[in-house]
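Q: One predicted model, sequence on top.
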Amino acid sequence: MAETQMSADGLKSLARYMDQFEDKESAIIKVLYEAQHIFGYLSNDVMLFIAEKMDIPAAKIFGVVSFYSYFTTTPRGRCQIKACMGTACFVRGSEKVVSEFEKQLNIKRGQTSDDLKYSLDVLRCVGACGLAPVIVVNDKVYGKATAADVSKIINEIQG
Ligand code: FES
């Protein structure tokens, strides 16, 4: 499907989602969450569309997006690799695991590969310290990860 068609369909479905809310102000987070789910990230155009449709100042939408680290304004990879760098994971070697991902994927933490296949991010504690170091790829959790596991994980997510 062409990208413009995808965006048009995405905007239509976002508009339908927004229509269900009476109190627009209190629905901002839900709407932004849905928009990021549809488009993968929040472009300026999408944020302006939301502002106009919900009759909320664009500055307010931009403010909310920049406040919450969950939201991203740049395209992310189809495989979103997130490494926990909370204390337990850090102590058990997450830095080495992240460095190995950087080396093998040829991107730095916080970056996305040019082909939009991978993005690599670091997180604070994800609440699974017993499994430290923890890597989350999309919704799948890899516990007790080591640098030696990195190529295995990459092969698996490519598959
Ligand atoms: S510090 Fe990584 S899961 Fe808690």
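A: Yes, it's here.

Q: buried stuff in stretch 35-53?
A: Residues 35-36, 38-40, 42, 46-47, 49-51 are the ones in stretch 35-53 that count as buried (16 or more other CB atoms under 10 Å). Where C-beta positions appear, they are placed from N, C-alpha and C, glycine not excepted.

Q: And the pLDDT at the residue of the chain positioned farthest from its centre?
A: Most distant from the centre of the chain: residue 22, at 27.9 Å, with distances by CA atoms, centre = their mean. For residue 22, the pLDDT comes out at 90.

Q: shift numbering so it begins at 56
A: Got it, the first residue is 56 from now on, which makes the last one we talked about residue 77.

Q: and the gap between it and residue 109?
A: 11 Å (CB to CB, to the nearest Å).

Q: what is in contact with the two at once?
A: Common neighbours of residue 77 and residue 109, counting by CB atoms under 8 Å, 6 or more residues apart in numbering, are absent.

Q: Could you chop this structure up by domain?
A: Domains of the chain are assigned by automatic domain parsing as 58-122, 134-213.

Q: which one of these lies closest to the ligand?
A: With CB to the nearest ligand atom, the closest approach to the ligand among the domains of the chain belongs to domain 134-213: 2.5 Å.

Q: And that closest one, end to end?
A: 8 Å (CA to CA, to the nearest Å).

Q: Quick one: the strands in the chain, in order.
A: Counting by DSSP state E, the chain has these strands, from start to end: 134-139, 173-178, 190-192, 195-197.

Q: can I get those strands in TSV with mean neighbour count?
A: Output for the strands of the chain, formatted as TSV (neighbours: other CB atoms under 10 Å):
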stretch	mean neighbour count
strand 134-139	22
strand 173-178	20
strand 190-192	20
strand 195-197	15
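
Q: Can you tell me which residues in this structure are near the ligand?
A: Counting by CB under 6 Å from any ligand atom, the chain comes close to the ligand at 139, 141-144, 180-184, 187, 189.

Q: how about 5 Å then?
A: 139, 141, 143-144, 180-181, 183-184, 187, 189 (CB under 5 Å from any ligand atom).
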